[in-house]
Every structure is written in C-alpha cells, then in structure tokens.
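S.K.: Turn this into a structure:
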Amino acid sequence: MKVLAIGNSFSVDSMEYLFYILKDLGQTDIFLGNLFVGGCSVDLHVQNAEKGAYAYEYFTNENGEWAVNPEYKSVSAICSQNWDYVTMQQASGYSGQVKSYGNLQKLKEFAREHSKNSKFVWNMTWAYQSDSQHPHFEYYGKSQEAMYNAIVNAVQTVILPDKDFEFIIPVGTAIQNARTAFGDILTRDGFHLSIPLGRYIAALTWAKMLTKKSLKSLEYAPCGINEKTKQIAIAAVEGAVKKPFAVTKV
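M.R.: The predicted model follows:
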C-alpha cells in the first residue's frame, strides 16, 4: 500500500504510527509519503505547485522509520511512486471555513496530472483543545464545539458531494469521540495531537479507512498505550467510521 499526503503538520500527526498499524493489519509493500510545510493551506499547496517551489520537507517511510528529504518539489514526490492513495487536507485554522476551499479543484487537477491512477482521499482534521492559544481559534469564537461543527459543515458542503474523493478519513470525529472518554487532553500544545495517544487515534482512523479491516484483533500500540487505552481508542475510531459527522460517546 502506497499513500501520499499533500499535507502539513496535521498529516505528520496523523501518519506517525500508520506504518506499523498497516503492517499489523496485513498490508505489505508499504510506502508512506508526506509533503510537509507547517500550516500549509490548499491555497499555498497550489501556489507551490504552480511555481515549482522547492518548499517542502518530504517525509518517507518504507521500513517503519521516517526519513526526511529537504527542499523538495511537490511534483517530484507525486511522480516518485505509483500511489494507491493521495490524501489532501486544509490547514487547521481554515478547516471549518468553506470559503477557503476555492482552490481545491486546482490542487486536484495538479495531483491527477501527475498521479493518474491514485484514489483521492480527504483527511478531516480535528478541532483545537478548548484552551488552545492558536490565533485562528478566534475564527470559531474560541469554542471547540463551534470549530468541530464548522469542520463538519465544510466537509459536508465541499468534500462529500465531490466525486473526485473516494472517501473521507474522519479523524476529527474520532478525536472528538475520544475526548468523551479521555477528557480534553489529546493535544500537546492546544492543537497538535498528543504523543502517543492523539497520534495513535489518528493513525488508527487512517488505517481503518484505508484497509476497511476490523481493528479488533490489532496488536500494535506505541509505547505508553496499554490494552484498555487501546480498546477505547479503537472504539472512538469505530464510532467515527459509523457516524463520521456526529460525536459518539465511548
């Protein structure tokens, strides 16, 4: 399975533990790629593509360890593998702002030009922690609930009707579900996911959607995750997959 994220730090969070979860679920020939610019929006990805900018750190993982390739062009990464999936996402602060998705069509066209057979997937990101100091939290009245609802609305309005996307990875809902069990402690700085639990929940959500396999028999968990915590995390993910746009208590 070959998966490329046209992403930012939230795709770094989402993919950190993905390799070992996919391997545990029986996937082989795994190659993960992540085109990273911190806080990168859809607009900036398009701008970088049009300029051919060497703007990215390109993270790759084919053996369980992440390697970084600096000063990379997005086209070089997209052309480097026969990707099964190419994921896209909006910068976190704009994720609930419908008007910020105007250049998404251009981003899709660019990716399709250079990766003709891949399936496009949308990574639905998460709302900030309630006490987050991120400046863009003001867009949502500094309310986690308002931000989550805005993200859901944007995905339902823009992404869900878009037939170019094979499916949505509901990480934002999985995190919100998990907050009903663990409390509002799933970020490390108010917006990036906690290590290991927040990142583990995100990667579980990706693996579930990419493989469509049950997580019940999953053995892998990063250091710091016990069996009880793992099962709660899995329940949060399963709830999000069943109801991607509504919170399920776990």
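
S.K.: My read is that residue 114 contacts residue 76, right?
M.R.: No - between residue 114 and residue 76 there is no contact under C-beta atoms under 8 Å: 9.4 Å. Quick note: C-beta positions are derived from backbone N, CA and C, even for glycine.

S.K.: tell me which element the nearest residue to residue 159 once chain neighbours are set aside is part of?
M.R.: Excluding the flanking residues, the one nearest residue 159 by C-beta to C-beta, 6 or more residues apart in numbering is residue 122, at 4.7 Å. For residue 122, the host element (DSSP states H and E) is strand 119-123.

S.K.: Pull out the buried residues from stretch 55-67.
M.R.: 55, 56, 58, 59, 60, 61 (16 or more other C-beta atoms under 10 Å).

S.K.: okay, how far is it across that stretch, tip to tip?
M.R.: Stretch 55-67 has its terminal residues 17 Å apart, counting by C-alpha to C-alpha, to the nearest Å.

S.K.: From the chain's centroid, how far away is it?
M.R.: 16 Å (C-alpha atoms, centre = their mean, to the nearest Å).

S.K.: Pull the residues that contact that stretch.
M.R.: 12, 15-16, 18-20, 23, 30-37, 48, 68-74, 76-77 (C-beta atoms under 8 Å, 6 or more residues apart in numbering).

S.K.: from those residues, which ones fall inside strands?
M.R.: 31, 32, 33, 34, 35, 36, 68, 69, 70, 71, 72 (DSSP state E).

S.K.: Now a PyMOL select for only the buried ones of those residues.
M.R.: In PyMOL, this line selects whichever of the ones in strands among the contacts of stretch 55-67 come out buried by 16+ other C-beta under 10 Å:
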select buried, resi 31+32+33+34+35+36+72
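
S.K.: Pull up the distance across stretch 130-148, start to finish.
M.R.: When the termini of stretch 130-148 are compared using C-alpha to C-alpha, they are 11 Å apart.

S.K.: contacting residues around that stretch?
M.R.: Identification of contacts with stretch 130-148 by C-beta under 8 Å, 6+ apart yields 92-94, 96-97, 126-129, 150, 172, 176, 184, 187, 190-191, 247.
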